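Asks: heads up, no residue letters with this:
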């Protein structure tokens, strides 16, 4: 007998609520990692708990035709994140500073100029990401950071796949505006 799908576990939890714990066991770690990057470790712990509390209370609304609960859980998390937008901007700036420091320290021979250049690039990327409209930012971060497919992002946000494509296209266009004259991309690219 194979491993039960998330849908099977959730449906079983309607009769035997303790079964829902398997959903937490399967998805809490990746959800926590995502939330730490969005709002920081202090708030992420509580928000993970809140996501699973809401999911448990609303488990009867889960679409049992979906094999995995991951997009559904990300959708709940995204709705909760809407309440934390201001702190997210500060968090993304801090992540950008840390990333630029990591890039600079990985090649000490590169010198101070490289470190300053990396810091400037990350700051510009963070500025653009935090300036994105919430809908575009949510789609971009779910796709780029969490590796969700377009279909999974659509499920998470409760929108059509075409809307996901449009939002990611607009976000990419705004990010491309950060391209330096040399053609060098700042901060990498989003997967197509």
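Replies: All right, it came through fine. Owing to the predicted nature of the structure, the values given are computational and were not obtained by experimental measurement.

Asks: how far away is residue 61 from residue 4?
Replies: Residue 61 sits 19 Å away from residue 4, going by Cβ to Cβ, to the nearest Å. All C-beta spots, glycine's among them, are computed from the backbone N, C-alpha and C.

Asks: more neighbours, the two?
Replies: A count of neighbours by other Cβ atoms under 10 Å puts residue 4 above the other of residue 61 and residue 4, at 13 against 9.

Asks: per the record, what domains does this protein have?
Replies: The chain breaks down into these structural domains: 6-83, 86-176 (assignment by automatic domain parsing).

Asks: tabulate those (JSON lines), appending mean pLDDT.
Replies: Supplementary listing: the domains of the chain in JSON lines, determined by pLDDT from 0 to 100:
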{"stretch": "domain 6-83", "mean pLDDT": "94"}
{"stretch": "domain 86-176", "mean pLDDT": "78"}
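
Asks: show me the helices in this structure, by range?
Replies: The residue ranges that make up the helices of the chain, judged by DSSP state H, are 6-13, 21-39, 41-57, 70-81, 85-106, 111-131, 134-144, 150-157, 161-176.

Asks: JSON lines for those helices, including mean neighbour count?
Replies: Shown next, in JSON lines, are the helices of the chain (neighbours: other Cβ atoms under 10 Å):
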{"stretch": "helix 6-13", "mean neighbour count": "18"}
{"stretch": "helix 21-39", "mean neighbour count": "18"}
{"stretch": "helix 41-57", "mean neighbour count": "16"}
{"stretch": "helix 70-81", "mean neighbour count": "22"}
{"stretch": "helix 85-106", "mean neighbour count": "16"}
{"stretch": "helix 111-131", "mean neighbour count": "16"}
{"stretch": "helix 134-144", "mean neighbour count": "22"}
{"stretch": "helix 150-157", "mean neighbour count": "21"}
{"stretch": "helix 161-176", "mean neighbour count": "17"}
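
Asks: how close does the residue nearest to residue 48 when sequence neighbours are not counted sit to residue 16?
Replies: The shortest distance from residue 48 to any residue other than its chain neighbours is 4.9 Å, reached at residue 32 (Cβ to Cβ, 6 or more residues apart in numbering). Shown here: residue 32 relative to residue 16, a distance of 25 Å by Cβ to Cβ.

Asks: do residue 66 as well
Replies: Note on residue 66: its distance to residue 16, by Cβ to Cβ, is 20 Å.

Asks: one more: residue 160?
Replies: The gap separating residue 160 from residue 16 is 35 Å, by Cβ to Cβ.

Asks: next one: residue 149
Replies: Residue 149 sits 31 Å away from residue 16, going by Cβ to Cβ.

Asks: which of the two has more residues huddled nearby?
Replies: Set residue 149 next to residue 16 and count neighbours by other Cβ under 10 Å: residue 149 wins out with 14 against 8.

Asks: report the contact partners of that one.
Replies: By Cβ atoms under 8 Å, 6 or more residues apart in numbering, the residues touching residue 149 are residue 143.

Asks: phi, psi for it please.
Replies: Backbone torsions of residue 149, given as degrees, to the nearest 10, read phi -70, psi 170.
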